[in-house]
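Asks: Sequence plus predicted model, see below.
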Number of protein chains: 2
Amino acid sequence: MDRTRPESIGVDIGGSKVLAVRLTPDGAIAATCKLATPPEAAALVERVLDAAAQVMERSPAGYLPLGVGCPGMVDRDGRAQFSPNLHGVDGFDLHSELAAGRPRGSVTLVLNDATAACWAEQELGAARGADDVVMVAMGTGIGGGMVLGGRLVEGAHGFAGEVGHMVVAPHGPPCPCGKRGCWERFASGSGLARLAQEAALAGRAPRVSVLAGGDPEAVRSEHLVKAAEEGDAGALAVIDEFAWWLALGLANLANALDPSVIVLGGGLAEAGELFIGPVRSAFGGLVEAPAARRVEIVLARFGERSGAVGAALLAGEKGTGPDQPG
Amino acid sequence: MDRTRPESIGVDIGGSKVLAVRLTPDGAIAATCKLATPPEAAALVERVLDAAAQVMERSPAGYLPLGVGCPGMVDRDGRAQFSPNLHGVDGFDLHSELAAGRPRGSVTLVLNDATAACWAEQELGAARGADDVVMVAMGTGIGGGMVLGGRLVEGAHGFAGEVGHMVVAPHGPPCPCGKRGCWERFASGSGLARLAQEAALAGRAPRVSVLAGGDPEAVRSEHLVKAAEEGDAGALAVIDEFAWWLALGLANLANALDPSVIVLGGGLAEAGELFIGPVRSAFGGLVEAPAARRVEIVLARFGERSGAVGAALLAGEKGTGPDQPG
């Protein structure tokens, strides 16, 4: 962070929460705000602007640049095209709707959340100084972001990074995207919950069932994480299974892209100390020629805030330049 | 091809053949030579230089720049680090050995074969004009190459593009790389042979067995291709199965990288007219949000020669610049 950027706001839209940060010119987080994601897209724009307002000390100079990260396929004009884990936004012109709620000419930028997160970690975070970085953000689904050769990868249409829908088990469980056996059925927050439910239903994780009120079908990732933190053997076995699936997809990405750093982020990475060890050790058995590789697997510095920080950084870098087209 | 490059030579080392081309400054192939790949690495350097000599009309000005594509993990210094489909080259310093056989200072460049192939197709071939291109080269294994944002992706250590070892079926057949269920076990030339053998052994492809001399275990991809070209139903069913697996990996790559063009190359693409239709149609059922995407799947313009053409182009672009380090 040697360049000077204007102060800026970043908002990350997640499956369950809308998270905003205000970033100072030297890249520090000056304020954070977390609100619940509303159930309909119509209310989403207002919620995003509300979260932004709550972290913004409005200056006499006017509105700060606003960057917004959204899960799924966001095109280069800032329209949400397909987002299986965010109800009702498909086809929604997020950029235009947000821009309409702000003064004409104030910078408003909308892009994929994990792509923004990767930028944050590469510029200021756990992958600082690395030119080839893969970000894997584990929340309700799995988002992906990439910096390759020092440049952010957005793809031909802005859709790069949809690694959560990499099929890793063709006959595996169905995914909200319409296919079977997508990586995020195993290695996201909902994937961990699914593995934990299977273990609970099979009687392999009694402590997890207890924490879920005795109902295996009510098991969520938080119950599994709590039991694992207590040292429960059944829960730790599920963590190992989860770590293996996570490592499988990371190995596929490392084979394809040869990053020097893989950053694990998203809400689930807040529990990363539980699984980072098992992931690293499973990775060595799954990547091609591990002895010839040098790739670090690390936790995001900004945790669940990487997406908001990255969106703020990118909006700030755009500064007073032209607004996103469309 | 608007820039002027010097005339140059490219050699592609394959599992079964060493293929050389000489490229004119305007990008035309002036000469081609194909020799058998020797069984040991020690003889490989001489074979490569021999193939290069056969396409080179030596000029009074001296040796032409030489680019060499090699399958597997080739580091940035031109050393072969791990190449599961090329016997005995692991750890072999191809660049130094080749450079030692040429006059001091003549450009010698060694890189991954499919990365070179991608450059050829993006500069002069089937993906000309596209900034985001994925190349999938199907031979004994599967090689991958990428141009993203108009730039060749080589990875942090030169190892990018090892997409053949993307695990797509964790309990699938063993791979020479040491894992199970790698994509190239299904969607390469040897993958097609394996699927054809399974069909022949199960009695589902009698014509293919006949072409293999009555021995299902002797079935090779050529027998399957011949039977399919004759219109044999059993062989065409194997083509459909192969196309589905090929499309699965292409969809995974399209989800991750959002290219506008995917180029299918390598020796097997010479039979591409047989499977390009089934691949395109299976792809639509496997990629996330097909209706929102615009991605073409095309056959390589240079067929099995893409790797050699790309290596020649890259060596030519390097022209009289400094030699590869190491």
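Replies: Arrived safely. Numbers count the residues shown, from 1 in each chain, chains lettered A, B, ... in the order given.

Asks: Residue A:116 belongs to a helix?
Replies: Yes - under DSSP: H, G, I helix; E, B strand; the rest coil, residue A:116 falls within a helix.

Asks: Neighbours of it, how many?
Replies: 34 (other C-beta atoms under 10 Å in any protein chain shown). The way it works is simple: take the backbone N, C-alpha and C, and place the C-beta from them, glycine included.

Asks: cool, and residue A:45?
Replies: Neighbours of residue A:45 using other C-beta under 10 Å come to 20.

Asks: Using PDB, write out every CA atom in the helix or strand where it lies.
Replies: Assessed by DSSP states H and E, residue A:45 sits inside helix A:41-55. Provided in PDB are the C-alpha atoms of helix A:41-55 (Å, rounded to 0.1, in the frame of the first residue of the first chain):
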ATOM      1  CA  ALA A  41     -33.600  -8.400  -4.200                       C
ATOM      2  CA  ALA A  42     -35.800  -5.300  -4.100                       C
ATOM      3  CA  ALA A  43     -34.800  -4.600  -0.600                       C
ATOM      4  CA  LEU A  44     -31.100  -5.400  -1.200                       C
ATOM      5  CA  VAL A  45     -30.200  -2.000  -2.800                       C
ATOM      6  CA  GLU A  46     -31.500  -0.100   0.200                       C
ATOM      7  CA  ARG A  47     -29.800  -2.400   2.600                       C
ATOM      8  CA  VAL A  48     -26.400  -2.000   0.800                       C
ATOM      9  CA  LEU A  49     -26.800   1.800   0.800                       C
ATOM     10  CA  ASP A  50     -27.800   1.700   4.400                       C
ATOM     11  CA  ALA A  51     -24.800  -0.300   5.400                       C
ATOM     12  CA  ALA A  52     -22.600   2.100   3.400                       C
ATOM     13  CA  ALA A  53     -24.200   5.100   5.100                       C
ATOM     14  CA  GLN A  54     -23.500   3.500   8.500                       C
ATOM     15  CA  VAL A  55     -19.700   3.400   7.900                       C
END
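
Asks: how distant is the following helix or strand past it from the center of its chain?
Replies: Following helix A:41-55 in sequence order, the next helix or strand is strand A:66-70 (DSSP H and E). Averaging C-alpha positions (C-alpha atoms, centre = their mean, to the nearest Å) puts strand A:66-70 12 Å from its chain's average.

Asks: tilt between strand A:66-70 and helix A:41-55?
Replies: Put simply, strand A:66-70 runs at 140 degrees to helix A:41-55, going by axes from the mean of the first three to the mean of the last three C-alpha atoms, to 10 degrees.

Asks: Parallel or antiparallel, which strands does the next helix or strand after strand A:66-70 pair with?
Replies: As assigned by DSSP H and E, the chain's next helix or strand after strand A:66-70 is strand A:73-74. If you go by DSSP bridges, strand A:73-74 pairs up with strand A:80-82 (antiparallel).

Asks: still on that earlier bit, packing partners for the helix holding residue A:45?
Replies: strand A:8-13, strand A:17-23, strand A:29-36, helix A:94-100 (3 or more C-beta pairs under 8 Å, 6 or more residues apart in numbering or on different chains; DSSP states H and E).

Asks: residues near residue A:165, how many?
Replies: 30.

Asks: what's the distance between it and chain B?
Replies: 4 Å (C-beta to the nearest C-beta, to the nearest Å).

Asks: so what's that residue up against?
Replies: By C-beta atoms under 8 Å, 6 or more residues apart in numbering or on different chains, the contact list for residue A:165 reads A:84, A:175, A:177, A:179, A:182, A:183, A:184, B:255, B:288.

Asks: go with 6 Å
Replies: A:177, A:182, B:255, B:288 (C-beta atoms under 6 Å, 6 or more residues apart in numbering or on different chains).

Asks: Contacts only, for residue A:193.
Replies: Contacts of residue A:193 (C-beta under 6 Å, 6+ apart): A:220, A:221.

Asks: Stretch A:17-35 spans what distance, first to last residue?
Replies: Using C-alpha to C-alpha, to the nearest Å, the end-to-end distance of stretch A:17-35 comes to 6 Å.

Asks: how distant is that stretch from the center of its chain?
Replies: Counting by C-alpha atoms, centre = their mean, stretch A:17-35 comes out at 16 Å from the chain centroid.

Asks: any residues touching the longest helix along chain A, and which ones?
Replies: Ranked by residue count, the top helix of chain A under DSSP state H comes out as helix A:233-257. If you take C-beta under 6 Å, 6+ apart as the criterion, helix A:233-257 is touched by A:134, A:168, A:183, A:186-187, A:192, A:195-196, A:199, A:204-205, A:208, A:224, A:227-228, A:262, A:274-275, A:278-279, A:282-283, A:286-288, A:295, B:160, B:162-163, B:165-167.

Asks: tilt between it and helix B:233-257?
Replies: For helix A:233-257 against helix B:233-257, the angle by the same axes, to 10 degrees is 90 degrees.

Asks: Any chance you could list what contacts the helix or strand just after helix A:233-257?
Replies: Where DSSP H and E defines the elements, the next helix or strand beyond helix A:233-257 is strand A:261-265. With contacts defined as C-beta under 6 Å, 6+ apart, strand A:261-265 is touched by A:117, A:121, A:126-127, A:130, A:133-137, A:250, A:272, A:296-300, A:306.

Asks: buried subset of those residues?
Replies: A:117, A:121, A:126-127, A:130, A:133-137, A:250, A:272, A:297-300, A:306 (16 or more other C-beta atoms under 10 Å in any protein chain shown).

Asks: who's in contact with the residue of the stretch 101-250 of chain A found nearest chain B?
Replies: Across the stretch 101-250 of chain A, the shortest distance to chain B (C-beta to the nearest C-beta) belongs to residue A:155, at 2.5 Å. Neighbouring residues of residue A:155 by C-beta under 6 Å, 6+ apart: B:132, B:258.

Asks: what's the pLDDT at it?
Replies: On pLDDT, residue A:155 comes in at 98.

Asks: Same question for residue A:27.
Replies: pLDDT at residue A:27 comes out at 93.

Asks: Model confidence at the closest residue to residue A:135 other than its chain neighbours, what's the number?
Replies: Take residue A:135 and drop its neighbours on the chain: the residue closest to it by C-beta to C-beta, 6 or more residues apart in numbering or on different chains is residue A:118, 3.5 Å away. Turning to residue A:118, the model gives it a pLDDT of 98.
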